[in-house]
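[1] sequence below, structure please.
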Amino acid sequence: MEIDNKLLTKLEKLSKLNIDESKRDEIMSDLTNIVNFIENLNELNLEDENSLYQSTKDTSRLRDDISSQNKTIVDEILKNSPKQEDRSFVVAKIIE
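    Alright, predicted model coming up:
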């Protein structure tokens, strides 16, 4: 897959980056090489490979998910909030 100027402009907008004109050709070339490498990986036959491979015998020990509310900690955190309601942060709605 070839990364062209149109796609790079779209990626630039999505990532909120500004790419200098002098670097655009170099970045397009680098991104094309990366995408081509990933496409090569897709050609590997991994049907017989175990996808659940792990490097250690031990599994991760998980802690119990126990909710606790220390009033002094909650108050300390909330005092930095510009808006709060019912001991929670109030944030702007971003999904309609």
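[2] what mean pLDDT does the helix or strand Ile77 falls within get?
    For Ile77, the host element (DSSP states H and E) is helix 71-78. What helix 71-78 shows for mean pLDDT is 87.
[3] likewise stretch 28-37?
    94.
[4] what lies in contact with it?
    Stretch 28-37 is contacted from outside by Met1, Glu2, Ile3, Asp4, Asn5, Leu8, Leu11, using CB atoms under 8 Å, 6 or more residues apart in numbering. To be clear about C-beta, it is placed using only N, CA and C from the backbone, and glycine gets the same treatment.
[5] so which of these sits lowest on pLDDT?
    Out of those, that is Met1, at 80.
[6] so that residue sits right up against Asn40, yeah?
    No: counting by CB atoms under 8 Å, Met1 stays clear of Asn40, with 11.7 Å between them.
[7] among the contacts of stretch 28-37, which ones are buried?
    Neighbour-count burial (16 or more other CB atoms under 10 Å) applied to the contacts of stretch 28-37 gives Ile3, Leu8.
[8] can you redo the contacts of stretch 28-37 as TSV with distance to Val90 and secondary structure?
    TSV is the format used below for those (distance: CB to CB, whole Å; DSSP: H, G, I helix; E, B strand; the rest coil):
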residue	distance to Val90	secondary structure
Met1	44	coil
Glu2	47	coil
Ile3	42	coil
Asp4	44	coil
Asn5	43	helix
Leu8	39	helix
Leu11	34	helix
